[in-house]
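A.B. asks: Next comes the sequence, and after it the predicted model I'd like to discuss.
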Amino acid sequence: MVKLDGKVAVITGASSGIGEATAEALAAEGAAVVVAARREDRLVDLVGRIEGNGGRALAAVCDVTDESQAHGLIRKAQETFGSVDILVNNAGVMLLSAVGKGLSDEWRRMFDVNVMGLLYATDAAIDAMKRQQSGHLVNISSVAGRKVSRTSSGVYAGTKHAVGAISEGLRQELLEDNIRVTIVEPGAVATELPDHITDEDAREGLGGLLQLEILQAEDIANAILYAVTQPPRVSVNEILIRPTQQPV
Ligand SMILES: NC(=O)c1ccc[n+]([C@@H]2O[C@H](COP(=O)([O-])OP(=O)(O)OC[C@H]3O[C@@H](n4cnc5c(N)ncnc54)[C@H](OP(=O)(O)O)[C@@H]3O)[C@@H](O)[C@H]2O)c1
């Protein structure tokens, strides 16, 4: 028997990497999935694959840094599938660099996507979840949300520490409404994430880590699936998951 039959999941950042793998994993367990990101062609391909496997999916083009688009995403999920039971706040960027190089546009983008985008989508989803008196927020942080290292850079780590603090605040604010909150903190995962780094020193700093046997996006999707398929009394609050050989 599938475990998420009748559930509706919205996944941001679903056009690649962890979000894409999570959409496929939740759909395979019977959830109707709304897959959101900016690259429409990738979303349409993903929806085609999910539907081809007998699942239900909807592509929603959405820039999470635009508050009205983030709210529109949640509205679209409700209009199409009737509710929002799970929101996976996964959209993120990791533009690593040391401070002192004038890359303020990149810091702003990281805070806008990783923190403000998460808040906008969450704000809209909470309204729907409170009305139905149930829901599950899954916020994708990072090992960098637990530990600051020179490799992960202070600003990226700052955005992910903010995700951790906001998530714990949400957990306490929402427990009486039966809304669960899970923070997932991956170590290195093989995705497109590092491809957008512009700072050469930061890129080189990551080199050693990426030569290890790092995680696959499906490994994180499996962790998310575990958290969202527990009985209602169980709130899995935090999952830290590193490649076996990752030292920090
Ligand atoms: N890979 C790792 O090693 C690792 C480790 C720890 C944590 N994480 C976290 O995992 C999450 C997913 O990253 P990933 O590794 O799967 O990387 P990825 O393949 O680059 O995926 C990032 C996703 O975010 C979306 N995105 C970026 N800006 C957006 C915006 N403004 N609005 C909507 N969507 C946006 C991208 O889609 P579009 O470009 O199509 O919009 C893409 O689907 C991130 O939060 C990241 O910080 C990753």
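C.D. replies: Looks like it came in fine.

A.B. asks: per-residue pLDDT, the residue in the chain sticking out farthest from the centre?
C.D. replies: Distance to the chain centre peaks in the chain at Gly100, reaching 28.9 Å (criterion: C-alpha atoms, centre = their mean). Here, the pLDDT recorded for Gly100 equals 95.

A.B. asks: Please give the element, helix or strand, for it.
C.D. replies: Using DSSP states H and E, Gly100 maps to neither a helix nor a strand.

A.B. asks: any idea how far Asp201 is from it?
C.D. replies: Look at Gly100 and Asp201: by C-beta to C-beta, to the nearest Å, they are 11 Å apart. C-betas here are computed from N, CA, C, even on glycine.

A.B. asks: and if you look at Thr182?
C.D. replies: Using C-beta to C-beta, Thr182 is found at 34 Å from Asp201.

A.B. asks: the more surrounded of these two?
C.D. replies: Neighbour count, other C-beta atoms under 10 Å: between Thr182 and Asp201, Thr182 has more, with 24 against 11.

A.B. asks: ok now do that one, which residues does it touch?
C.D. replies: If you count contacts by C-beta atoms under 8 Å, 6 or more residues apart in numbering, Thr182 has them with 136-139, 167, 224, 227-228, 235-239.

A.B. asks: Skipping adjacent residues, who's closest to His71 in space?
C.D. replies: In space, and not counting its chain neighbours, His71 is closest to Ala124: 4.3 Å by C-beta to C-beta, 6 or more residues apart in numbering.

A.B. asks: Convert the C-alpha atoms of the helix or strand that contains the one you found to PDB, please.
C.D. replies: Taking DSSP H and E as the criterion, Ala124 maps to helix 118-132. The C-alpha trace of helix 118-132 is given here as PDB (Å, rounded to 0.1, in the frame of the first residue of the first chain):
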ATOM      1  CA  LEU A 118      11.200  29.800   2.500                       C
ATOM      2  CA  LEU A 119       9.300  32.300   4.600                       C
ATOM      3  CA  TYR A 120       7.000  33.400   1.800                       C
ATOM      4  CA  ALA A 121       5.900  29.900   0.900                       C
ATOM      5  CA  THR A 122       5.600  28.800   4.500                       C
ATOM      6  CA  ASP A 123       3.500  31.800   5.400                       C
ATOM      7  CA  ALA A 124       1.000  30.900   2.600                       C
ATOM      8  CA  ALA A 125       1.000  27.200   3.500                       C
ATOM      9  CA  ILE A 126       0.400  27.700   7.200                       C
ATOM     10  CA  ASP A 127      -2.800  29.500   6.400                       C
ATOM     11  CA  ALA A 128      -4.000  26.400   4.500                       C
ATOM     12  CA  MET A 129      -2.600  23.900   7.000                       C
ATOM     13  CA  LYS A 130      -4.200  25.700  10.000                       C
ATOM     14  CA  ARG A 131      -7.600  25.600   8.400                       C
ATOM     15  CA  GLN A 132      -7.300  21.800   7.900                       C
END
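
A.B. asks: Fine by me, we can end here.
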